[in-house]
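S.K.: Give me coordinates for this.
(2 chains)
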Amino acid sequence: KQEVTQIPAALSVPEGENLVLNCSFTDSAIYNLQWFRQDPGKGLTSLLLIQSSQREQTSGRLNASLDKSSGRSTLYIAASQPGDSATYLCAVGGATNKLIFGTGTLLAVQP
Amino acid sequence: ETGVTQSPTHLIKTRGQQVTLRCSSQSGHNTVSWYQQALGQGPQFIFQYYREEENGRGNFPPRFSGLQFPNYSSELNVNALELDDSALYLCASSLLGQGKETQYFGPGTRLLVL
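M.R.: Down below sits the predicted model:
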């Protein structure tokens, strides 16, 4: 049974810092991995999707990496801003694109 | 804005009642998935519909049922509501089979069962 874990559960950093969020999964037989952002009480916004054959994806200040063999992904946020404050969720996708989510990392960027 | 809409935004029901939640997929998408997100947890997969047929189901009882219509909009029905059904219900649409599996989520329906 696939399990997804995110560390840390919460993180507080000063504005301008670079930071790394971690995601690990127990079964390496995945089709893709997706990172989402969720603002309080809101739906999910897709940030990056990495196919199982890829090693990383970049969008603006965000970079996500995937190491299937070790069951790990990281989301790197460069030059953090207060507007980056949100919960970040990673999810692994199987053959039918059913997503299994971690419990998220709550990020607070202090001005 | 993902183009995925859900209604209603909030709903209050009492235990034992039935509820129907609605989702309008992003234009051109053929797949809709429903997720339940309890407070402080990650979303949990309920089921997925692909071209109007159920295409996978999570660990949810039969009182959770769904429909997908020819225009790819969808409904989630929950019978005999229980207190633990209180959660944010999210739908997500995607284009399965085209190498573009990114799922686009709607804003969710927050259900409170009293």
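S.K.: Could you use CA atoms for every contact and neighbour count after this?
M.R.: Noted.
S.K.: contacts for stretch B:65-83?
M.R.: Stretch B:65-83 is contacted from outside by B:13-25, B:29-32, B:34, B:49-53, B:63-64, B:112-114, using CA atoms under 8 Å, 6 or more residues apart in numbering or on different chains.
S.K.: quick check, the strand or helix carrying A:Thr45 touching chain B?
M.R.: Per DSSP states H and E: A:Thr45 is located in strand A:44-51. Yes. Using CA under 8 Å from any CA of the partner chain, strand A:44-51 reaches chain B at A:Leu44, A:Thr45, A:Ser46, A:Leu49.
S.K.: do the same with stretch A:13-25
M.R.: No. Stretch A:13-25 lies out of reach of chain B by CA under 8 Å from any CA, never closer than 12.8 Å.
S.K.: Outside of that stretch itself, list whatever touches it.
M.R.: Under CA under 8 Å, 6+ apart, the answer for stretch A:13-25 is A:2-8, A:71-82, A:90, A:92, A:102, A:105, A:107-111.
S.K.: now swap in stretch B:85-100 and tell me
M.R.: Contacts of stretch B:85-100 (CA under 8 Å, 6+ apart): A:43, A:96-97, B:4, B:6, B:23, B:25-26, B:28-39, B:43, B:50, B:101-113.
S.K.: Take those residues and keep only those in helices.
M.R.: Among those, no member falls in helices (DSSP state H).
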